[in-house]
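Chemist: quick one, fold the following:
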Amino acid sequence: MEQTKYKAAIFDLDGTLMDSMGVWRQIDVEFLGKRGLSVPPDYLDAITPMGFEAAADYTIERFGFPETREEILREWYDMAIYSYANTVPLKKGAMEYLQMLKEQDIKMAVATASDKQLVIPALTNNGVLDMFDNITTVREVSRGKGFPDVYDKAAERMGIHPEECIVFEDILAGIQGARMGGYRAVAIYDEHSVEPAEIIKENADAYIMDFRGCSFPL
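Modeler: Got it, this is the predicted structure:
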């Protein structure tokens with residue numbers, strides 16, 4: 001494989017670049033627990049590919065909550081922002097990998113379903129914010145992670161074509177959306193995933209446990 005083929009890398013945030021999915025599992029437990037509910041097995045899978053607004057709408061409709069979208073979003077943010085700004089770490093080997101890509105003049109972006117109010121503090125706290133050319137969220141496009149829209153927007157902002165770019169994702173919808181758009185899709189293991197690893201591997205172009213020893217391109 002030619003080392004010059006790929007000019008950019010796009011990273012999902014939660015569960016891919018950062019070890020943050022445990023935060024959301026705990027938020028789900030506490031949020032629904034306060035309302036006398038347990039977390040349904042399929043709930044996190046359903047909301048993970050969505051933007052925050054869509055996830056709030058889905059939650060209201062599914063459980064019949066009386067709160068508005070804005071009220072639920074504020075509650076989620078209040079529960080998450082401290083962790084993102086202070087305690088959520090990068091995945092193992094991520095810092096070294098990002099530094100290597102930067103040294104090779106590889107463009108980098110984040111494409112995430114999380115809101116920038118959480119993304120920017122998390123990247124800042126880990127000292128990597130300035131490494132990225134852009135941060136693109138699903139709220140900026142019309143469709144979620146099951147489609148290539150968010151990756152296309154991130155790539156467009158870098159002036160990169162899909163075939164020149166690798167996408168790193170931890171969820172099946174993200175892998176499928178990236179490949180649908182013509183990107184090389186690399187899946188990364190996340191211990192909090194409830195999706196079968198074999199299914200993710202079957203849909204991805206490559207699969208890694210973490211970024212330690214990762215070389216570019218894969």
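
Chemist: longest helix in the chain, please.
Modeler: helix 69-86 (DSSP state H).

Chemist: any idea how many residues pack against His192?
Modeler: Using other Cβ atoms under 10 Å, His192 is surrounded by 15 other residues. Heads up, the C-betas are built off the backbone N, CA and C, glycines and all.

Chemist: list the buried residues for the longest helix of the chain?
Modeler: Ile72, Leu73, Glu75, Trp76, Met79, Ala80, Ser83, Tyr84 (16 or more other Cβ atoms under 10 Å).

Chemist: and stretch 162-169, by the same measure?
Modeler: Applying 16+ other Cβ under 10 Å to stretch 162-169 flags Pro162, Glu164, Cys165, Ile166, Val167, Phe168, Glu169 as buried.

Chemist: okay, the residues you listed in CSV with secondary structure next?
Modeler: Listed next are these as CSV, based on DSSP: H, G, I helix; E, B strand; the rest coil:
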residue, secondary structure
Pro162, helix
Glu164, helix
Cys165, strand
Ile166, strand
Val167, strand
Phe168, strand
Glu169, strand
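
Chemist: output the below-cut-off pLDDT ranges for the chain.
Modeler: By pLDDT under 70, the weakly predicted segments of the chain are 1-4, 218.

Chemist: try 80
Modeler: 1-4, 216-218 (pLDDT under 80).

Chemist: how about the strands of it, start to end?
Modeler: For the chain, applying DSSP state E gives strands covering 8-11, 107-112, 134-137, 165-169, 184-188, 206-208.
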